[in-house]
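A.B. asks: My questions concern the predicted model and sequence given below.
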Amino acid sequence: MDFASYHLWSQFEPALGWEDSHCQMQRGWRWTQKSKSDSSQTTPFTETIWQKVGKLAQQGIYEFHQQPLLLKHPRGSERIADRLYLYYELATVRDRVMQILQQYQADPWLLDRDILLLNRGDEPIPAPIDIRIDGATFQLIAAFDCIIKLSDRHIQIIDFKTGLADPDPRQADVYLLACSYLYPDMAAVASFYNLETMTSSEVITATPDRLQEIARKLAQIAQLHQQQLQIYQNQPDAFDLLFPAHPGIHCRACQFNYGCDYAQSI
């Protein structure tokens with residue numbers, strides 16, 4: 001069955017303000033490599049610094065709430081850092097994550113919340129949600145960072161962020177659509193929380209009509225994505241046409257730049 005997620009949506013269409021650095025070929029590299037049965041032929045890729053910081057920061061918040069007594073311990077942040085093997089990371093990553101842990105220990109804003117779900121961030125891909133809209137069916141994949149219960153009938157989805165980039169509201173849209181299936185008896189809202197700046201975004205909501213629009217958009221993306229992969233499997237030479245390159249200075253930070261002729265020519 002076709003599938004969709006916020007991650008796939010963002011690979012098809014850039015977030016507002018990121019149009020100049022968006023490259024469809026990166027999506028092609030990522031998904032065609034995944035489709036290869038011989039793992040020895042796949043192109044490896046490494047996490048960027050900002051991805052590493054975000055992942056470790058989320059793991060740290062999770063670990064604090066597994067052992068909440070560490071929030072009161074004078075060396076609580078150091079204990080969590082040990083669990084994350086933080087001292088083996090690059091200094092840039094280590095320092096940023098350590099600051100996040102110390103800030104959170106000083107102000108553990110989730111401590112008194114009714115936490116319905118809190119993920120560590122390295123769990124397996126969650127079970128997909130079957131969605132049918134206008135005769136089309138696809139599976140939606142949505143991995144939540146945190147969900148808190150506001151009341152008996154209200155929940156809030158919280159997505160953790162790091163860095164200075166503005167969050168993409170489409171991610172909240174996808175989470176709200178997923179919650180409408182997972183928690184059909186609850187009214188859901190969504191927001192982003194930046195673990196470095198300790199700031200929350202505005203609360204995001206979606207009407208039933210808006211959720212239908214989101215589902216239709218994701219259904220179209222899921223179908224087109226599978227069509228392109230199928231064409232590539234039958235016509236590998238069509239790769240550049242299916243996934244056109246958009247080379248530029250942003251190629252230097254691309255995870256696939258060493259395997260891309262366009263990036264190497266920059």
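C.D. replies: Here it is on my side, so go on.

A.B. asks: wouldn't E196 be in contact with L101 here?
C.D. replies: No - taking contacts as CB atoms under 8 Å, E196 lies outside contact range of L101: 11.2 Å. To be clear about C-beta, it is placed using only N, CA and C from the backbone, and glycine gets the same treatment.

A.B. asks: Spell out which residues are contacts of both of those two.
C.D. replies: A57 (CB atoms under 8 Å, 6 or more residues apart in numbering).

A.B. asks: For these two, indicate the residue with more neighbours.
C.D. replies: Shown here are E196 and L101; by other CB atoms under 10 Å, L101 has more neighbours (26 against 17).

A.B. asks: Surely the more buried one and A81 touch.
C.D. replies: Yes - the pair L101 / A81 is scored as a contact, 6.3 Å apart, by CB under 8 Å.

A.B. asks: what touches both of those two?
C.D. replies: When CB under 8 Å, 6+ apart defines a contact, the residues bordering L101 and A81 alike are G60.

A.B. asks: Show me the helices in the stretch 151-266 of the chain, by range?
C.D. replies: Counting by DSSP state H, counting those that start in this stretch, the stretch 151-266 of the chain forms helices over residues 169-182, 208-234, 239-242, 261-264, given from the N-terminal end onward.

A.B. asks: again, but for the stretch 1-150 of the chain
C.D. replies: When assigned using DSSP H, counting those that start in this stretch, the helices of the stretch 1-150 of the chain occupy the ranges 6-12, 24-35, 49-66, 76-83, 91-106.

A.B. asks: what angle do the third one and helix 76-83 make?
C.D. replies: Which is helix 49-66. Between the axes of helix 49-66 and helix 76-83, defined by axes from the mean of the first three to the mean of the last three CA atoms, to 10 degrees, the angle is 110 degrees.

A.B. asks: Off-centre distance for helix 49-66?
C.D. replies: For helix 49-66, the distance between its averaged C-alpha position and the chain's averaged C-alpha position is 13 Å (CA atoms, centre = their mean, to the nearest Å).

A.B. asks: Alpha carbons only: can I get it in PDB?
C.D. replies: In PDB, the C-alpha atoms belonging to helix 49-66 read as follows (Å, rounded to 0.1, in the frame of the first residue of the first chain):
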ATOM      1  CA  ILE A  49      25.300  17.900  13.700                       C
ATOM      2  CA  TRP A  50      21.900  19.400  14.000                       C
ATOM      3  CA  GLN A  51      20.200  16.000  13.600                       C
ATOM      4  CA  LYS A  52      22.600  14.600  16.200                       C
ATOM      5  CA  VAL A  53      21.800  17.400  18.700                       C
ATOM      6  CA  GLY A  54      18.100  17.000  18.200                       C
ATOM      7  CA  LYS A  55      18.100  13.200  18.700                       C
ATOM      8  CA  LEU A  56      20.300  13.300  21.800                       C
ATOM      9  CA  ALA A  57      18.400  16.200  23.300                       C
ATOM     10  CA  GLN A  58      15.100  14.200  23.000                       C
ATOM     11  CA  GLN A  59      16.700  11.100  24.400                       C
ATOM     12  CA  GLY A  60      17.900  13.200  27.400                       C
ATOM     13  CA  ILE A  61      14.400  14.500  28.100                       C
ATOM     14  CA  TYR A  62      13.100  11.000  27.900                       C
ATOM     15  CA  GLU A  63      15.700   9.700  30.300                       C
ATOM     16  CA  PHE A  64      15.000  12.500  32.800                       C
ATOM     17  CA  HIS A  65      11.400  11.300  33.000                       C
ATOM     18  CA  GLN A  66      12.400   7.700  33.300                       C
END
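
A.B. asks: Thank you kindly, that will do.
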